[in-house]
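[1] Predicted model, plus sequence, below.
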Protein chains: 4
Amino acid sequence: MAETTLKKIEFSLDPKSGVPFYKQIILQVEMAIADGRILTGEQLPTVRSLAVDLSINPNTVARAYNELEIRGIVNTQQGTGTFISGKKTKLDEIERERVLAGITQSFIIKAGSYGFSIAELIEYLKGIEAHMEEKK
Amino acid sequence: MAETTLKKIEFSLDPKSGVPFYKQIILQVEMAIADGRILTGEQLPTVRSLAVDLSINPNTVARAYNELEIRGIVNTQQGTGTFISGKKTKLDEIERERVLAGITQSFIIKAGSYGFSIAELIEYLKGIEAHMEEKK
Amino acid sequence: MAETTLKKIEFSLDPKSGVPFYKQIILQVEMAIADGRILTGEQLPTVRSLAVDLSINPNTVARAYNELEIRGIVNTQQGTGTFISGKKTKLDEIERERVLAGITQSFIIKAGSYGFSIAELIEYLKGIEAHMEEKK
Amino acid sequence: MAETTLKKIEFSLDPKSGVPFYKQIILQVEMAIADGRILTGEQLPTVRSLAVDLSINPNTVARAYNELEIRGIVNTQQGTGTFISGKKTKLDEIERERVLAGITQSFIIKAGSYGFSIAELIEYLKGIEAHMEEKK
DNA sequence: GTGGTCTAGACCACA
DNA sequence: GTGGTCTAGACCACT
């Protein structure tokens, strides 16, 4: 069996998690984009092929892709396929900082309501970062 | 009726998380007990006041308290309030980690969509932490 | 038959238009918001009732509402209903002008590719404006 | 081969409109003929050049040209190009209005979501129109 | 072969 | 009662 050079997202579903299938797919695509396993312009598996892979209904995959499209994360071309869009959300530095402040604040508040301290959050993020370096 | 000094849990709800409100409340109470932010015998906010605080239906708060009572984590005294019972909640490290993993994941994805790397997030959090230390 | 004081969106579908049902519903909600026939916080018809009204499958209505939710136009609370969200997109004047310039430019280009002059566009918009005044 | 002075139609595609690319091309050709921007005997861009211009699959352009030929609106001469035939296209006022209604509607909705009223849009367009008059 | 739309119907979870 | 998820399957449109 020849190895292919194509990086692929390894999709997998956990039926016991309680998280809906289509959300698990969305999350996995988002994560793959976030850590560079899939790049702008690359094609996602076709609706049907992914449905077969995961042994689920094509409609469920389509729903996930559809939501990703609405959010502007992928572009879809009928008869061609589904592709990661180049949505860059480019902002100037000031705006960037303002956005970061906003989402970080809600992260801290939410985490805080579960009793996590900022120090713990930092440690946890470091763990993730290390984990990702490793994979590279 | 003597006034008690209520140490308050800071509740917060995330409607977008997909986690039902009542479960978010339960989790937050359990976590608060698990790490000692609230102690045996202490009173939880009343159903109505918490409902107002969170702008949700009192039934939803009642459902959360009800489930906590079923599990033996709180005692409800008609006309008086809801109090933490002595029973140790079984929230272990694994559960804690799962919660943290969930909220951190969405934080990373959201920040990532604005182009922030995990390293940047860590730096930013460190800045906030330092800032808060100072204030102490 | 007593008249009710509730302003309602009058939904209607045109099966011959070629426009998918769910998109027609989305458009009608958007238009109703755009010209103030429905306000922030108001509830949309329930999925099932609208489905009956329009004699279509509830899934189709749900799909429309779902897309509106993803776009942040409505908020949905399980077991409660679907409500117009207060998404204000408030920007300062400069940013506002920049946004307006952008969307107007693409409007002009697109219209231009079909041979419409700016004067024609202005006339057409005036017509719409007059039409809406009338309805008030 | 003599160079011809190609009066070019300014094609533009909107992937989000839901209107298939090939139909957008057909419409734009028809509209251009209808209002005299392109005349009988004039040449359309080649399939390949237009495909490159619009960054789409040549098959899609070919399909559009093909349908135009079937309708007798253009003649294709193997190895030479595609030319406007003498046949008057039947685009009437109603069709024109329908196209205009479509693109104007999405313009209004998009602008409306940023809080712009139709009156404001008209004012802004007037400003642009005046600006362009000046330049002449 | 690609995605898009719609239906019918089941089952679940929340308020 | 509300909305949410998933399946099965049909039919359509675009490349």
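    Yep, that arrived. Residues are numbered from 1 along each chain as shown, chains lettered A, B, ... in the order given.
[2] is it true that residue A:42 touches residue A:82?
    No: using Cβ atoms under 8 Å, residue A:42 makes no contact with residue A:82, being 10.0 Å away. C-beta: built from backbone N, CA, C; applies to glycine.
[3] Would you mind telling me which of these two has more residues around it?
    residue A:82 (22 against 16; other Cβ atoms under 10 Å in any protein chain shown).
[4] name the element the more buried one belongs to?
    strand A:81-84 (DSSP states H and E).
[5] Can you show me the CA trace of that strand as PDB?
    Output of strand A:81-84 as PDB, limited to C-alpha atoms (Å, rounded to 0.1, in the frame of the first residue of the first chain):
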ATOM      1  CA  GLY A  81     -17.000  20.300  -3.400                       C
ATOM      2  CA  THR A  82     -16.400  22.000  -0.100                       C
ATOM      3  CA  PHE A  83     -13.300  24.100   0.500                       C
ATOM      4  CA  ILE A  84     -11.700  25.900   3.400                       C
END
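[6] all strands of chain A, in order?
    A:74-77, A:81-84 (DSSP state E).
[7] can I see the domain layout of chain A?
    For chain A, the domain assignment from automatic domain parsing gives the residue ranges A:15-84, A:93-135.
[8] Now the ones you listed in JSON lines, please, with extra columns for mean pLDDT and distance to chain D.
    Listed next are those as JSON lines, based on pLDDT from 0 to 100; distance: least, Cβ to the nearest Cβ, whole Å:
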{"stretch": "domain A:15-84", "mean pLDDT": "91", "distance to chain D": "7"}
{"stretch": "domain A:93-135", "mean pLDDT": "87", "distance to chain D": "16"}
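[9] Those domains: which one's closest to residue B:116?
    In terms of Cβ to Cβ, the element of these nearest to residue B:116 is domain A:93-135, at 6.1 Å.
[10] Would the closest one count as contacting chain B?
    Yes: against chain B, domain A:93-135 shows contacts by Cβ under 8 Å from any Cβ of the partner chain at A:96, A:99-100, A:103-104, A:107-116, A:118-122, A:124-126, A:128-129, A:132.
[11] Only the buried subset of those, as a ChimeraX command please.
    Selection of buried members from the residues of domain A:93-135 next to chain B for ChimeraX, criterion 16 or more other Cβ atoms under 10 Å in any protein chain shown:
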select /A:96,99,100,103,104,107,108,110,111,113,114,115,116,118,121,122,124,125,128,129
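[12] Tell me which entries of the residues of domain A:93-135 next to chain B lie within helices.
    Counting by DSSP state H, the residues of domain A:93-135 next to chain B place A:96, A:99-100, A:103-104, A:107-113, A:118-122, A:124-126, A:128-129, A:132 in helices.
[13] just so I know, which of the domains of chain A lies nearest residue C:35?
    domain A:15-84 (23.5 Å).
[14] How about that closest one and chain B, any contact?
    Yes: among the residues of domain A:15-84, A:19, A:23, A:27, A:30, A:31, A:33, A:34, A:73 lie within reach of chain B under Cβ under 8 Å from any Cβ.
[15] got the contact list for residue A:29?
    A:9, A:38, A:44, A:64, A:68, A:73, A:74 (Cβ atoms under 8 Å, 6 or more residues apart in numbering or on different chains).
[16] Of the residues you listed, which is the most crowded?
    residue A:64 (26 neighbours).
[17] Would you enumerate the residues in contact with that one?
    A:21, A:22, A:23, A:25, A:26, A:29.
[18] if we take those, which one ends up nearest to residue B:14?
    residue A:23 (14.6 Å).
[19] With adjacent residues omitted, what lies nearest to that closest one?
    residue B:18 (6.9 Å; Cβ to Cβ, 6 or more residues apart in numbering or on different chains).
[20] I'd guessed the one you found sits against residue A:19; true?
    Yes: Residue B:18 is in contact with residue A:19 according to Cβ under 8 Å; the separation is 7.4 Å.
[21] and the two? which has more neighbours close in?
    residue A:19 (16 against 13).
[22] Could you export the contacts of residue A:29 as CSV, including distance to DNA strand F?
    CSV is the format used below for those (distance: Cβ to the nearest atom of the strand, whole Å):
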residue, distance to DNA strand F
A:9, 18
A:38, 22
A:44, 16
A:64, 8
A:68, 14
A:73, 17
A:74, 16
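[23] Please produce JSON lines containing these, extended by distance to residue C:78.
    Formatted as JSON lines, the contacts of residue A:29 follow (distance: Cβ to Cβ, whole Å):
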{"residue": "A:9", "distance to residue C:78": "30"}
{"residue": "A:38", "distance to residue C:78": "32"}
{"residue": "A:44", "distance to residue C:78": "29"}
{"residue": "A:64", "distance to residue C:78": "20"}
{"residue": "A:68", "distance to residue C:78": "22"}
{"residue": "A:73", "distance to residue C:78": "25"}
{"residue": "A:74", "distance to residue C:78": "27"}
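[24] Where helices are concerned, which of the residues you listed count?
    Using DSSP H, these in helices are A:64, A:68.
[25] Find the pair from the contacts of residue A:29 with maximum spatial separation.
    Largest pairwise distance in the contacts of residue A:29, by Cβ to Cβ, is 14.5 Å, between A:38 and A:64.
[26] Report the closest residue of chain A relative to DNA strand F.
    Residue nearest to DNA strand F within chain A (Cβ to the nearest atom of the strand): residue A:79, separated by 2.2 Å.
[27] Name all residues that make contact with the residue most central in space within chain A.
    For chain A, the residue sitting closest to the mean C-alpha position, by Cα atoms, centre = their mean, is residue A:30 at 1.1 Å. Neighbouring residues of residue A:30 by Cβ under 8 Å, 6+ apart: A:73, B:109, B:112, B:113.
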